[in-house]
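S.K.: 3D, please:
(one chain, ligands or ions: 2)
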Amino acid sequence: MRLPRFEFLKPVSLEESLTLLEKSGRKAKVLAGGTDLLVNMKYGVLRPETVISVKGIPELSSISAGMNGNTEIGACVTLTDLAGNSLIAGKFPAFQGAVRSVASKHIRNMASIGGNICLDTRCWYYNQSKLWRDARELCHRTGGKVCHAIKGSTRCHAINSSDTAPALIALDAKIAVMKKGQKRLIPAKEFYRDDGIRHTSLEPGEMVTSIQLPEGNGNSQSIFIKVSTRKGIDFATGSIAAHATVNDKGVSGIRLVLGSISSAPILLDKTSQVIMESGLTEKSIEKAAETARSELGTLTNLFTSAGYKRHLVEVLVRRALSELKEKIGRARK
Ligand SMILES: Cc1cc2nc3c(=O)[nH]c(=O)nc-3n(C[C@H](O)[C@H](O)[C@H](O)COP(=O)(O)OP(=O)(O)OC[C@H]3O[C@@H](n4cnc5c(N)ncnc54)[C@H](O)[C@@H]3O)c2cc1C
Ligand code: SF4
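M.R.: Ligands and ions are numbered 1, 2, ... in the order given. So this is what the prediction gives:
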């Protein structure tokens with residue numbers, strides 16, 4: 001498979017990148033590590049006229065502890081650098097676990113955190129060669145009017161498979177986004193849209209510049225669990241990130257986020273409410289796992305049966321809460 005023809009631009013600063021992005025608008029794609037974009041271009045599912053490589057831009061390539069206690073991670077920091085960073089290990093071990101679970105070491109050497117959170121959504125009928133796709137009618141994602149995954153659907157249900165997305169939402173991270181002359185700070189949970197085609201809230205000309213993780217306090221614990229068919233180099237069949245804050249009385253706040261199940265990560269509010277009302281006990285964990293099953297609503301683009309996915313979610317919630325309970329117990333001793 002060969003890359004199609006495109007214009008390649010290599011700005012040397014953030015300012016120049018934003019100028020080029022503004023000029024090119026929707027015709028351009030940002031390139032970081034290229035481990036997702038170049039594969040999609042080779043498959044012919046993405047055909048940007050212009051590719052703007054932001055890899056190595058100094059303003060986007062560092063990890064720093066801010067004055068306000070936030071940790072700021074530049075969009076082009078590689079997953080390998082994050083996986084080995086001691087500041088991240090000390091403050092955000094679950095996020096680091098999510099980073100380490102992405103693909104393989106050689107892919108993480110190239111891949112950036114910005115590329116991971118903007119990772120294109122995936123579908124069995126889309127992430128295929130042109131020859132394979134040509135055997136079927138075009139779907140919504142490729143310019144047609146049907147969906148092969150969900151018959152009769154009027155929209156695309158491709159899946160968000162980013163491993164770090166649920167972890168960032170659970171940690172209440174913010175995504176810094178810039179376009180020429182403008183900067184926005186978007187809570188990670190609002191960054192994603194439940195739409196297989198426009199799956200992030202990025203506007204034309206905008207790019208992610210950094211991720212801001214809030215200062216955790218000593219009274220919080222987090223977990224990330226990923227389930228995939230193969231242990232190495234595989235996208236998740238489902239994942240969960242959980243974050244709990246505790247005080248003398250017990251759990252004072254909890255966020256549970258599912259990944260790789262739908263077009264956007266799913267925040268399990270009702271399930272978290274069970275723990276807020278009854279605390280982290282064996283009984284409440286069982287009730288929370290049952291609640292998660294029903295909170296999922298209609299499951300769509302699955303690759304597996306809906307029954308299996310519901311069971312998987314129940315298991316993920318039970319495991320995440322049990323591990324959180326254990327971690328909180330250990331920290332109290
Ligand atoms: C074999 C294989 C296995 C994989 N397994 C996993 C896995 O287990 N888990 C997982 O999460 N991913 C996986 N991936 C996908 C991919 O490698 C990672 O998600 C990686 O982190 C993408 O980062 P990148 O820098 O290479 O992104 P790129 O390919 O450079 O970009 C990805 C997308 O993000 C956009 N983008 C990049 N940077 C920015 C920015 N700063 N602002 C705005 N848009 C931006 C690009 O335009 C593109 O649409 C796998 C890929 C392969 C080939
Ligand atoms: S979910 Fe449907 S519309 Fe989207 S890529 Fe798959 S087949 Fe196409």
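S.K.: so where do the strands sit in the stretch 1-150 of the chain?
M.R.: With DSSP state E, counting those that start in this stretch as the criterion, the stretch 1-150 of the chain has strands at 7-9, 28-31, 50-53, 63-65, 71-74.
S.K.: what segments of the stretch 1-150 of the chain are helices?
M.R.: Remark: helices assigned in the stretch 1-150 of the chain by DSSP state H, counting those that start in this stretch are 14-24, 37-42, 79-83, 86-91, 93-100, 105-110, 113-117, 130-133.
S.K.: how about the contacts made by Gly144?
M.R.: Contacts for Gly144 (C-beta atoms under 8 Å, 6 or more residues apart in numbering) come out as Glu137, Leu138. Backbone N, C-alpha and C define where each C-beta goes, glycine included.
S.K.: gap between it and Leu138?
M.R.: Note on Gly144: its distance to Leu138, by C-beta to C-beta, to the nearest Å, is 3 Å.
S.K.: what residues does this structure put near ligand 1?
M.R.: 29-37, 39, 54, 75, 79, 102-103, 107, 110-112, 114-116, 118-120, 161-163, 207-208, 233-235 (C-beta under 6 Å from any ligand atom).
S.K.: returning to what we had before: turn the strands of the stretch 1-150 of the chain into CSV, including mean pLDDT, distance to Thr19 and mean neighbour count.
M.R.: Below are the strands of the stretch 1-150 of the chain laid out as CSV (pLDDT from 0 to 100; distance: least, C-beta to C-beta, whole Å; neighbours: other C-beta atoms under 10 Å):
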stretch, mean pLDDT, distance to Thr19, mean neighbour count
strand 7-9, 98, 10, 13
strand 28-31, 97, 12, 22
strand 50-53, 98, 10, 19
strand 63-65, 93, 25, 14
strand 71-74, 97, 19, 23
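S.K.: model confidence score at Gly218, please.
M.R.: For Gly218, the pLDDT comes out at 66.
S.K.: right, I mislabeled it, should have said Thr229
M.R.: Looking at Thr229, its pLDDT is 89.
S.K.: and the longest helix for this structure?
M.R.: In the chain, with assignment by DSSP state H, the single longest helix is helix 306-332.
S.K.: list the buried ones in that one?
M.R.: 309-310, 312-321, 323-325, 327-328 (16 or more other C-beta atoms under 10 Å).
S.K.: one step back: which one of the helices of the stretch 1-150 of the chain lies closest to Ile197?
M.R.: Closest approach to Ile197 among those (C-beta to C-beta): helix 37-42, 13.3 Å.
S.K.: the closest one near ligand 2 at all?
M.R.: No: using C-beta under 6 Å from any ligand atom, helix 37-42 stays clear of ligand 2, coming no nearer than 11.9 Å.
S.K.: and that helix, what does it pack onto?
M.R.: Under the contact criterion of 3 or more C-beta pairs under 8 Å, 6 or more residues apart in numbering; DSSP states H and E, helix 37-42 touches strand 28-31.
S.K.: what is the burial count for the residue nearest to Lys145 when sequence neighbours are not counted?
M.R.: If you skip the residues right next to it in sequence, Lys145 has Leu138 as its closest partner in space, 7.8 Å away by C-beta to C-beta, 6 or more residues apart in numbering. Using other C-beta atoms under 10 Å, Leu138 has 13 other residues around it.
S.K.: and Asn127, by the same measure?
M.R.: Neighbour number of Asn127 under other C-beta under 10 Å is 19.
S.K.: likewise Phe6?
M.R.: Other residues within reach of Phe6, judged by other C-beta under 10 Å, total 17.
S.K.: separation between the spatially closest residue to it that is not a sequence neighbour and Asn247?
M.R.: The shortest distance from Phe6 to any non-neighbouring residue, by C-beta to C-beta, 6+ apart, is to Val51 (5.2 Å). Per C-beta to C-beta, Val51 is found 49 Å from Asn247.
S.K.: output the below-cut-off pLDDT ranges for this structure.
M.R.: Along the chain, segments meeting pLDDT under 70 span 216-218, 299-303.
S.K.: returning to that earlier point: export the helices of the stretch 1-150 of the chain as a markdown table, with columns for mean neighbour count.
M.R.: Formatted as a markdown table, those follow (neighbours: other C-beta atoms under 10 Å):
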| stretch | mean neighbour count |
| --- | --- |
| helix 14-24 | 18 |
| helix 37-42 | 17 |
| helix 79-83 | 22 |
| helix 86-91 | 14 |
| helix 93-100 | 23 |
| helix 105-110 | 15 |
| helix 113-117 | 26 |
| helix 130-133 | 13 |
